[in-house]
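> Predicted model follows, preceded by the sequence.
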Amino acid sequence: MVKPSLNLLFLSLLLVLGACASKSKDQMRAFREAYAAGEFSKASEILKESELKKDKKSVLLLNLEEGSLFLAQGNESAAIVSFQTAIELIDQLYTKKISAKVASFLVNDASDVFYGASYERSFAHYFLSKAYYSRYLKTQNKLDLQGARGTILAWDSYFSQLQRSAAVKTIYQNDLMLKIFGAEIHEVSEIRSDKQISLQLYKDALGILETMGGAFSVFNTNSKDFVKDLENSLSEGSKPSSKAYVSTLAQHDLTNFLHYKILALTREIRNTDFNVQLKALKPIPETLKKVNGPKGNVVIVLEEGFIPQKIGKPFNIGLKGAVDSVENPAAKAFIETVGGAVLTAFAMNTLGMGPTNSTGPGSFVFAVDVMHAGVKEVAIAFELPMIDSSPKLNDYKLFILDETGKVLQEEPLAIISENGEIAKLVLEEDVVSRYVKTGTRVAVKHILAIVAAMQIHDRLKESGSFIAGAAAMATYVAASKGIEAMEKADTRHWTTLPQAFRMMELNLPSGNYQIALALKNNAQDPSKMKVLGNIKVIESAKAIHTFKLTSF
């Protein structure tokens, strides 16, 4: 016999878990706000006292957040430990398959181990490489430079393994930041063989931009059509139509940057190939002038903003299709006795569960229809994690100032990666693969609650239809609230991950400089520039300098 209602202790547990999740969200929001304001001591205290610190299933996420915070505080050694730990966990959870994903009938993804989305796992490698390199700039210890280079190789290996082992094929199978930042890291070693690797990485990046770059609106004004065309072409083994790729100004900026890097390095290490590359790339005059000028010795990397928040968005799944997935023997026997049609009719007529009209998560770029928004039968609403809307990136120019604040030079700042768009693409792909599994699990829980309500109704129907109906409704409402509390979408995410990475390279004589930023529209007004920080240039040595921009 199925119990007439869910155990009160279990319901209480569900509500407590829901409250803990809400508290954790508030804490991480406060952590991010303190981090954005540069109040790193405050951010550290929030993180130490947070639910995240106590949650053994969120160790990976904790190390990502701690690593970001340590780097912001200039503590590269602690950051290296955190990011190394994070990457070891990623290796355990994915590469070596040591920890398999386990989701019981009563536990959803939010209560499971935090695995991180593919883009979060990817950028852990960038930050570890950056931490090693930042420490190298302070210590000049070549082992740190080797650590930065080795991490780039591990990053490339991560994507190779993702391409081979991904159960669900994804568009995000490589990363421009990996190729371009990785090329710069190899280049600063001043070893010829490393520069050969750099040249190939820049060429790879140009190939990615010219093909897969079309999936992102920052590079393609027609990105949605491109992705749909890409879906079809991948299944057919062909290439997407070039008509679906309408390049943006950001795409042209990055193309020009890559043309400069490919031509400048080719001239340096493969001079006999220079004219061939020149003919193939057809650079704009400004790029060719830069190639013919002094060799670049200053690289500026800008980490801009914060990636948009993950939020739970509603989906629907029909009740009828989930009935066959009920495994509880007593509940299954009861359904077989009364019939699925009677169960559905009871849900509609007694519990008032008509078709659910919750809105979909927005316009999917994928051709697969997973929203089932037109369900005409009894439907269950449930949540899946999606990325919140990503704010449009500003158009910036970078300025080089002397120590007195005089403008010496201005340069374009190429967008390498818009991580909000990558996250949106990855999570939409994830929704397509998880819709049926998650929706069915939630629906089965509701079916068990409906069965319990029906049994209450049958027992009390001699007391009158009103009393029986009210008791059944109370039973179901109590159960559904518990299910709702437990089945919130897993919105845990790396809150301090930047929204975008930008990059540029130039040549500067030895000396001290200020690096400033301005909106392109205000580029001629020094009072509207934002100084990001200072750099010291040693003319004979190329160096990468990273700056953060949390607000303008």
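Okay, I see it. Residues are numbered from 1 along each chain as shown.
> Run through the bridge partners of residue 503.
Counting by DSSP bridges, residue 503 is bridged to residue 301, residue 414.
> How much space separates it from residue 401?
Distance of residue 503 to residue 401, computed by CB to CB, to the nearest Å: 19 Å. Where you see a C-beta, it was placed from the backbone N, CA and C, and this is true even at glycine.
> tell me the contacts of residue 343?
By CB atoms under 8 Å, 6 or more residues apart in numbering, residue 343 lies in contact with 323, 335, 447, 450, 451, 454.
> what do you get for residue 297?
507, 508, 537, 539, 540, 541, 542, 543.
> which of the residues in stretch 268-286 are buried?
277, 278, 281, 283 (16 or more other CB atoms under 10 Å).
> what's it in contact with?
With contact meaning CB under 8 Å, 6+ apart, stretch 268-286 is reached by 192, 195-196, 199, 256, 259-260, 262-263, 266-267, 288, 291, 295.
> Centre of the chain to that stretch, how far?
Distance of stretch 268-286 from the chain centroid (CA atoms, centre = their mean, to the nearest Å) equals 36 Å.
> Determine how far the last residue of that stretch lies from the first.
Stretch 268-286 has an end-to-end distance of 19 Å (criterion: CA to CA, to the nearest Å).
> Point me to the helix or strand that includes the residue most central in space within the chain.
By CA atoms, centre = their mean, the mean C-alpha position of the chain lies nearest to residue 423, the distance being 3.6 Å. Secondary structure assigned from DSSP states H and E places residue 423 in helix 419-460.
> to the chain's geometric centre, what's the distance from the following helix or strand past that helix?
Downstream of helix 419-460, the first helix or strand assigned by DSSP H and E is helix 465-486. Put simply, helix 465-486 sits 38 Å off its chain's centre (CA atoms, centre = their mean).
> Then stretch 395-408?
Relative to its chain's centre, stretch 395-408 lies at 32 Å (CA atoms, centre = their mean).
> Likewise for stretch 307-327?
Centroid separation for stretch 307-327 versus its chain: 21 Å, with CA atoms, centre = their mean.
> mind listing what's buried in it?
So, applying 16+ other CB under 10 Å, buried residues of stretch 307-327: 307-310, 312-323, 326.
> same thing with stretch 68-82?
By neighbour count with 16+ other CB under 10 Å, stretch 68-82 contains the buried residues 68, 69, 70, 71, 72, 75, 76, 78, 79, 80, 81, 82.
> between those, which is nearest residue 137?
residue 76 (9.1 Å; CB to CB).
> From residue 139, how far out is the closest one?
Residue 76 sits 9 Å away from residue 139, going by CB to CB.
> got the contact list for residue 190?
Contacts for residue 190 were tallied using CB under 8 Å, 6+ apart; they are residue 542.
> Just confirm it is within a helix.
No. Secondary structure assignment (DSSP: H, G, I helix; E, B strand; the rest coil) places residue 190 in coil, not in a helix.
> Below-threshold pLDDT in the stretch 451-552 of the chain: ranges please.
For the stretch 451-552 of the chain, the stretches flagged by pLDDT under 70 are 522-526.
> residues in contact with the closest residue to residue 300 other than its chain neighbours?
Excluding its sequence neighbours, the residue lying closest to residue 300 (CB to CB, 6 or more residues apart in numbering) is residue 504, at 5.2 Å. Contact analysis of residue 504 by CB under 8 Å, 6+ apart lists 257, 299, 300, 398, 411, 412, 413, 414.
> if we go to 6 Å?
By CB atoms under 6 Å, 6 or more residues apart in numbering, residue 504 lies in contact with 300, 398, 411, 413.
> which of those residues are buried?
300, 398, 413.
> Contacts only, for the last one.
Residues in contact with residue 413, defined by CB under 6 Å, 6+ apart, are 396, 398, 502, 504.
> Dihedrals phi and psi, it?
Dihedral angles of residue 413 (phi, psi; degrees, to the nearest 10) stand at phi -120, psi 100.
> got it, and residue 398?
Torsion angles at residue 398 (phi, psi; degrees, to the nearest 10) stand at phi -100, psi 140.
> so what's it bridging to?
Going by DSSP bridges, residue 398 forms beta bridges with residue 411, residue 517.
> can I assume residue 308 sits in a strand?
No. Counting by three-state DSSP, residue 308 falls outside a strand, being coil.
> so what's it up against?
Residues near residue 308 by CB under 6 Å, 6+ apart: 387, 388, 390, 420.
> Show me the beta-bridge partners of the first one.
So the one you mean is residue 387. In this structure, residue 387 bridges to residue 310 when assessed by DSSP bridges.
> tally of neighbours for it?
Using other CB atoms under 10 Å, residue 387 has 25 other residues around it.
> Ok, the third one next?
When neighbours are counted by other CB under 10 Å, residue 390 registers 20.
> hang on, isn't it packed against residue 420?
Yes. With contact defined as CB atoms under 6 Å, residue 390 counts as touching residue 420 (3.2 Å).
> Residue 341 and residue 347: what is the separation?
Distance from residue 341 to residue 347, counting by CB to CB: 11 Å.
> Those two: which has the busier surroundings?
Per other CB under 10 Å, whichever of residue 341 and residue 347 has more neighbours is residue 347, with 23 against 10.
> Let me know whether residue 251 touches residue 219 as I believe.
Yes. If you go by CB under 6 Å, residue 251 and residue 219 touch, sitting 4.0 Å apart.
> The two - which one has more neighbours?
In this view residue 251 and residue 219 are compared by other CB under 10 Å, and residue 219 has more residues nearby, 28 against 22.
> could you list every residue that touches the more buried one?
Residue 219 sits next to 213, 248, 251 when contact means CB under 6 Å, 6+ apart.
> ok, 8 Å please
Shown in contact with residue 219 (CB under 8 Å, 6+ apart): 209, 213, 247, 248, 250, 251, 254.
> now residue 242
Residue 242 sits next to no residue when contact means CB under 8 Å, 6+ apart.
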